[in-house]
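Participant: starting from these lines, generate the structure:
(4 chains)
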2 protein chains.
Amino acid sequence: MEEIRDTVSQGRGGTRRVRISDLAEALGLTKSTVSRALNNYADIAPETRRRVAEMAAQMGYAPMPYAQAVRTGRVRALGLVLELDAPDRYGPFLADFLGGITQEATLEGWTLTVASSNSREEMEATVTRLLQEHKVDGFILPRTMVEDPRVDFLRAKHVPFVLFGRVGHGKPDPGLSWYDVDGAEAMRAAVARLAALGHKRIGFVGPSAAYNFAVLRREGYQAGLAEAGISFDPALEIMEVSDRAGGAQAARDLLDLPQPPTAIVYATDATALGAYDVARERGLRIGRELSVISYDGIPEGRMIDPPLTSFAVDSRHAGERLAALLIAQLRGADPAGLQELVVARLEPGGSDGPPPSVS
Amino acid sequence: MEEIRDTVSQGRGGTRRVRISDLAEALGLTKSTVSRALNNYADIAPETRRRVAEMAAQMGYAPMPYAQAVRTGRVRALGLVLELDAPDRYGPFLADFLGGITQEATLEGWTLTVASSNSREEMEATVTRLLQEHKVDGFILPRTMVEDPRVDFLRAKHVPFVLFGRVGHGKPDPGLSWYDVDGAEAMRAAVARLAALGHKRIGFVGPSAAYNFAVLRREGYQAGLAEAGISFDPALEIMEVSDRAGGAQAARDLLDLPQPPTAIVYATDATALGAYDVARERGLRIGRELSVISYDGIPEGRMIDPPLTSFAVDSRHAGERLAALLIAQLRGADPAGLQELVVARLEPGGSDGPPPSVS
DNA sequence: TACGATTACGAAACCGGTTTCGTAAAGCCG
DNA sequence: CGGCTTTACGAAACCGGTTTCGTAATCGTA
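Facilitator: Predicted coordinates:
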């Protein structure tokens, strides 16, 4: 008699939630001892710690994050702010990326809170609100820029964060935590591949140099040229291209040069598709009269004829690692040691081949 | 003397967070009175309510959701579980959809928590965890199925939710809250459009009938036929098609019939692109020898030649309305009154035209 | 064996709110 | 004008945890 208390909601499933006090009662301990046992305090006897852990598992006890948060200020949630004003719409990779983050976060008992913004001001307002309401403990920042205002903003607030991509050209800030795919290496390899096929004039089409990845990929392209002993011709490099139509226009511009390239390296698949449009316009065969290699590995590249030779990025893995890095940092790891650079996987298609033999 | 207390973190930005007790002190009231004033309790004098609201605004007071949650159990967060095992990867619409949800949620002071699952079991486990940890107050369920296990699951737990799409064929459960785009009407209009152009044999290609939208679109197709006085031929209807390759195979099968169709209505753009591949294979011109109309309005449909005539869905708007509906429900509105059906917008392309004149 | 240092736990305050309950003061009515 | 309702607020408990602090019991050592 005493069992008959609050019929209140709580465990919506039917069986009532088990609270820390229930656990304590079942163990004949106080909730303070149980709490410290669960949080690995030093002043708990090993045997007691074991008993508590066992009973917790048996009773299915799980602390309510928000109740903990009242005291600790941590809610075990990662934050992601999507930029709706981005030139591309994150392409088809968003689902994989989110899948990677959430799967990894779930494994560790964390969750992901997503917000969005249409401008830098809105982004700062959103971040501020998420922090002020303590809805989030740290941030994942996709799509880094060479000079990224988010980095300064979050640093000033002392909020942990991890970058998808690096900042500041190729000389990354050692104090930052990031995950990146080596786009420079991919572009270098693309040029090497084309040079090996016999190409001498190789063009490059990339997006705005405000994005760090664009800068790195351009550097990789130039490094590839140098390595192949081909001198760099600025006329063959076109930047500020972000969509298929832009990619097509860039192809036209390059092909209309007095000495047109026989191959074009595109920094992104979406823009490379524009080359196919131009090839059709002009009766050129991709992979024969014009070779194309690009980067991203979008599904459509596999469907198109001939399939696009591309360096594929594993967005799912990126999400997983970014979540893992941020969680490590939130658990106290030094961000300076949390960096990962992976390579893109070459998916050979039919879009690259030897150059047409010069008459 | 007393001012010198916790230098603790809290207001990460620098200025300390203002708590309800600060507000109370500034007003010369107790925090209980302030709390009730802010929550519109009846036993607060109008003048007091006004003073409190004013001071709160002036001091920039905002309650911490998780502190409220300890007592109320509500965290002002919407939940969304992405299904990674879905046939398509949500296509290119996910960013818009998430943008819509989060923008609307932000306006109302709510946030979005995203999780993912690879199977039904995992989905139930994830939902259970989010509820148990009180990370979420209600769910948005995308991609409804005719018999949707999530509906029964959440209903049994008495958790508020809103559906993107309906369930149970065309006879929606009146107790459910949902937002849907009228795919049946779009398919009916597609058939009417083709019939008006002179087509007599019109095929239909749709995805698995397990998805409610597939069933509805098929019904719309058949309704369109009836309306146009064309008798339904089961041989012209192919289901279980979910990707471009499948769409291509369906087109081949239809064109290989003794009496092939002169037009095909596809339930989704992604599959309709397969018709273009087959047309190229066979030397048919889309919009001349073969007409195609489909549904979704994917960007690629605009790029392809000829542009795909399609009924476009506004994913952003869908996200906004779903968030609004769920928030309304969480604020106490009766789900029975929360349904919205909108129409898809026809985007005419060049993929439909009069049938080739019969010899 | 006596005494200081450790060990392991309990008691209670605390986090930032919400909600119940009690009660002075004001209002109403005959 | 006296008794009964309202009105409007304060006091205190509460939500589910965490953390500080105090203290018995055990240990080690001289």
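Participant: need the contact list for residue A:154.
Facilitator: With contacts defined as C-beta atoms under 8 Å, 6 or more residues apart in numbering or on different chains, residue A:154 is in contact with A:127, A:139, A:141, A:161. Where you see a C-beta, it was placed from the backbone N, CA and C, and this is true even at glycine.
Participant: apologies, that question was intended for residue A:314.
Facilitator: Residues near residue A:314 by C-beta under 8 Å, 6+ apart: A:342, A:345.
Participant: mind checking how far it is from residue A:47?
Facilitator: In this view, residue A:314 and residue A:47 are 45 Å apart by C-beta to C-beta, to the nearest Å.
Participant: quick one on the thing from earlier: will you turn the contacts of residue A:154 into TSV that also has distance to residue B:147 and secondary structure?
Facilitator: Below are the contacts of residue A:154 laid out as TSV (distance: C-beta to C-beta, whole Å; DSSP: H, G, I helix; E, B strand; the rest coil):
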residue	distance to residue B:147	secondary structure
A:127	41	helix
A:139	39	strand
A:141	41	strand
A:161	43	strand
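Participant: would you map out the domains in chain A?
Facilitator: A:1-59, A:77-181+A:315-342, A:183-313 (automatic domain parsing).
Participant: out of those domains, nearest to DNA strand C?
Facilitator: Nearest to DNA strand C, of all the domains of chain A, is domain A:1-59, at 3.1 Å by C-beta to the nearest atom of the strand.
Participant: count the residues that sit near whichever residue of the stretch 201-350 of chain A sits closest to DNA strand D.
Facilitator: In the stretch 201-350 of chain A, the residue that lies nearest DNA strand D is residue A:332 (12.7 Å; C-beta to the nearest atom of the strand). Residue A:332 sits with 7 neighbouring residues when counted by other C-beta atoms under 10 Å in any protein chain shown.
Participant: ok, so what distance separates residue A:319 from residue B:351?
Facilitator: As judged by C-beta to C-beta, residue A:319 and residue B:351 stand 36 Å apart.
Participant: and residue A:51, by the same measure?
Facilitator: 70 Å.
Participant: which one's more surrounded, the two?
Facilitator: Set side by side, residue A:51 and residue B:351 show more neighbours around residue B:351, with 28 against 16, by other C-beta under 10 Å.
Participant: surely the more buried one is in contact with residue B:292?
Facilitator: Yes: Residue B:351 lies in contact with residue B:292 (C-beta atoms under 8 Å); the separation is 4.5 Å.
Participant: who touches stretch A:328-342?
Facilitator: Stretch A:328-342 is contacted from outside by A:74, A:137-138, A:160, A:162, A:172, A:174-182, A:314, A:317, A:321, A:325, using C-beta under 8 Å, 6+ apart.
Participant: 10 Å - rerun?
Facilitator: A:74, A:76-78, A:108, A:110, A:137-138, A:160-163, A:166, A:172-182, A:185, A:313-314, A:317-318, A:321-322, A:324-327 (C-beta atoms under 10 Å, 6 or more residues apart in numbering or on different chains).
Participant: and stretch A:238-248, anywhere near chain B?
Facilitator: Yes: counting by C-beta under 10 Å from any C-beta of the partner chain, chain B is contacted by stretch A:238-248 at A:243, A:244, A:245, A:248.
Participant: now do the residue lying closest to residue A:206 once chain neighbours are set aside, the pLDDT please.
Facilitator: Nearest residue to residue A:206, sequence neighbours excluded (C-beta to C-beta, 6 or more residues apart in numbering or on different chains): residue A:267, at 3.8 Å. Looking at residue A:267, its pLDDT reads 95.
Participant: number of nearby residues for residue A:267?
Facilitator: Neighbours around residue A:267, by other C-beta under 10 Å: 30.
Participant: now residue A:32
Facilitator: 11.
Participant: before we move on, which element is it in?
Facilitator: Assigned by DSSP states H and E, residue A:32 belongs to helix A:31-38.
Participant: buried ones in that helix?
Facilitator: A:33, A:34, A:35, A:36, A:37, A:38 (16 or more other C-beta atoms under 10 Å in any protein chain shown).
Participant: re earlier: in helices, which of the contacts of stretch A:328-342 appear?
Facilitator: Mapping those onto helices (DSSP state H) picks out A:185, A:317, A:318, A:321, A:322, A:324, A:325, A:326, A:327.
Participant: and the two most separated of those residues?
Facilitator: A:185 and A:327 (27.4 Å; C-beta to C-beta).
Participant: neighbour-wise, which of these two wins?
Facilitator: The residue with more neighbours, out of residue A:185 and residue A:327, is residue A:327; 22 against 19, by other C-beta under 10 Å.
Participant: spit out the contact partners of the residue nearest to residue A:206.
Facilitator: For residue A:267, counting by C-beta under 10 Å, 6+ apart, the contacting residues are A:183, A:186-187, A:190, A:204-207, A:211, A:213-214, A:216-218, A:220-221, A:239, A:241-242, A:247, A:294-296.
Participant: any idea how far apart the tips of stretch A:295-305 sit?
Facilitator: End-to-end span of stretch A:295-305 (C-alpha to C-alpha, to the nearest Å): 17 Å.
Participant: does the residue nearest to residue A:349 when sequence neighbours are not counted sit in a helix, a strand or a coil?
Facilitator: Nearest non-adjacent residue to residue A:349, counting by C-beta to C-beta, 6+ apart: residue A:307, 3.3 Å away. Under DSSP: H, G, I helix; E, B strand; the rest coil, residue A:307 falls in the coil class.
Participant: residue A:307 against residue A:294, yeah?
Facilitator: No: counting by C-beta atoms under 10 Å, residue A:307 does not reach residue A:294; the two are 11.6 Å apart.
Participant: and these two? which has more neighbours close in?
Facilitator: Using other C-beta under 10 Å as the criterion, residue A:307 and residue A:294 rank with residue A:294 on top: 31 against 17.
Participant: give me the phi and psi for the more buried one.
Facilitator: With angles defined as degrees, to the nearest 10, residue A:294 sits at phi -140, psi -160.
Participant: now do residue A:260
Facilitator: As for residue A:260, its main-chain torsions (degrees, to the nearest 10) stand at phi -70, psi 150.
Participant: quick one, what contacts the nearest residue to residue A:108 once chain neighbours are set aside?
Facilitator: Leaving aside its chain neighbours, residue A:108 sits nearest to residue A:327 (5.3 Å; criterion: C-beta to C-beta, 6+ apart). Counting by C-beta under 10 Å, 6+ apart, residue A:327 touches A:76, A:78, A:104-105, A:107-110, A:137-138, A:160, A:162, A:333.
Participant: just the ones of those in strands?
Facilitator: A:78, A:138, A:162 (DSSP state E).
Participant: lowest-confidence stretch among the domains of chain A?
Facilitator: Looking at the domains of chain A, the bottom one is domain A:1-59 with a mean of 77.
Participant: that domain vs DNA strand D: in contact?
Facilitator: Yes: against DNA strand D, domain A:1-59 shows contacts by C-beta under 7 Å from any atom of the strand at A:6, A:10, A:17, A:19-21, A:31-32, A:35-36, A:38-39, A:41, A:43.
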